[in-house]
Each structure stands twice: as C-alpha cells, then as structure tokens.
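Novice: can you look at this prediction? I've put the sequence above it.
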Amino acid sequence: MSLPNAPTGGLDRIDRKILHELMRDASLPVWQLAERVGLSQTPCWKRVQKLESTGVITGRVAIVDPARIGLALTVFVEIAAAEHSAGWREGFEGLVADHPEIVEVHRMAVEIDYLLKLSVRGTEGYDAFYRDLTRRLACRSVTSKFSLERIRVTTVLPVDTITP
C-alpha cells in the first residue's frame, strides 16, 4: 500500500474499498470486510492496521441521531474575527475546547473566518454559547443559521472504488 500524493491519496483500489466499507459500517468483522473487498482475513487486517497507523483512518465511532439524545437543534455559526492575531486565535481555540456542543469547526476563506456547527438542546443552549463567545472574543460579526431539517447527513466520503 502506498500513501498520500496521488489524486486518490496514494491508496490502491483495495485500500479504497476497505475505506468505503468501513465508512459504511465500522463494526464489520474482519472476515466479512475481507470477503467484501476480495482478500483473505490476514492481509485485510494488515491493510486496516496500516490505514490506521498512517492516519488515513483516524477513528471508529457510533453515529448517533442528535434529536434522540436531546440535541434537537443544529446551528451553523459564521464568525468574522475582529483581528487576526495569534492571541485571538489562541482565545478562539480555547473557546472551541471549552464547548463540546461545537461538533465541527472550519476555517474559511473570503467573507467569514470560521464556520462552526453546533448541536444543542434548544435555543437556550445556543444562547449560552453565544453569550460566552461574545464575552470572550472580539468578533467583527457573528451570524447564526438554525437548521430546520436534516435532509442528508453522512460520514461516508465519496472514495473511488472503481479506478485501479
């Protein structure tokens, strides 16, 4: 197995098939995974271990419906920083670390600096986050967008399992 550089990340077709199957169901037993990708168990398991040790696979998790555990509101928060100093970034990183309701953080280009995705119980959960954010960090703007419906949510990336 080669790694990162080629357009497919340097992974061969079997590696990509393994990733595809594990992204769909990480609880697959090795024998079943091996069968699906056309390998015997030992070489399949060695490839999985290599994908983990090289950081291609960064973890295996259970996907949970947030509404079923009381986190019924998803909020996307756009933040434009008031400044672009190391101190501001450190403060921002501290804020992110202190708020487990932040489930994604993206540094953006052009009009906004950061896009956050929050999973909260309701508007009161968002309001507590907003108050802490604006108390701790100077922001040029904070824009929040409340999701009304989850139409498609997936963690399965579109990995090419066809190209050799």
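Specialist: Now that the structure is in, tell me what you want to look at.

Novice: distance from stretch 13-30 to the middle of the chain?
Specialist: In terms of C-alpha atoms, centre = their mean, to the nearest Å, the centre of stretch 13-30 is found 18 Å from the chain centre.

Novice: any buried residues in it, and which?
Specialist: Ile14, Asp15, Arg16, Lys17, Ile18, Leu19, His20, Glu21, Leu22 (16 or more other C-beta atoms under 10 Å). For glycine as for every other residue, the C-beta is placed from the backbone atoms N, C-alpha and C.

Novice: farthest-apart pair in these, please.
Specialist: The largest separation in the buried residues of stretch 13-30, counting by C-beta to C-beta, is between Ile14 and Leu22 at 12.6 Å.

Novice: for the closest residue to Ile112 other than its chain neighbours, what are its contacts?
Specialist: Distance criterion C-beta to C-beta, 6 or more residues apart in numbering; nearest residue to Ile112, sequence neighbours excluded, is Glu78 at 4.3 Å. By C-beta atoms under 8 Å, 6 or more residues apart in numbering, the residues touching Glu78 are Met108, Ile112, Tyr114, Leu115, Ser141, Val142, Thr143, Ser144, Lys145.

Novice: C-terminal to the host helix or strand of Leu19, which secondary structure element comes first?
Specialist: With secondary structure defined by DSSP states H and E, Leu19 is part of helix 13-24. Note on helix 13-24: by DSSP H and E, the next helix or strand toward the C-terminus is helix 30-37.

Novice: can you give the contact residues for the next helix or strand after that next one?
Specialist: Downstream of helix 30-37, the next assigned helix or strand under DSSP H and E is helix 41-53. Residues from elsewhere that reach helix 41-53 (C-beta under 8 Å, 6+ apart): 1, 14-15, 18-19, 22, 30-31, 33-34, 37, 39, 57.

Novice: between those, which is closest to Tyr130?
Specialist: Ile57 (35.1 Å).

Novice: so that closest one makes contact with Leu19?
Specialist: Yes. Ile57 sits in contact with Leu19 when judged by C-beta atoms under 8 Å, with a separation of 7.3 Å.

Novice: give me the domain ranges for the protein.
Specialist: 1-62, 66-146 (automatic domain parsing).

Novice: by mean pLDDT, show me the worst of those domains.
Specialist: If you rank these by mean pLDDT, domain 1-62 sits at the bottom with a mean of 89.
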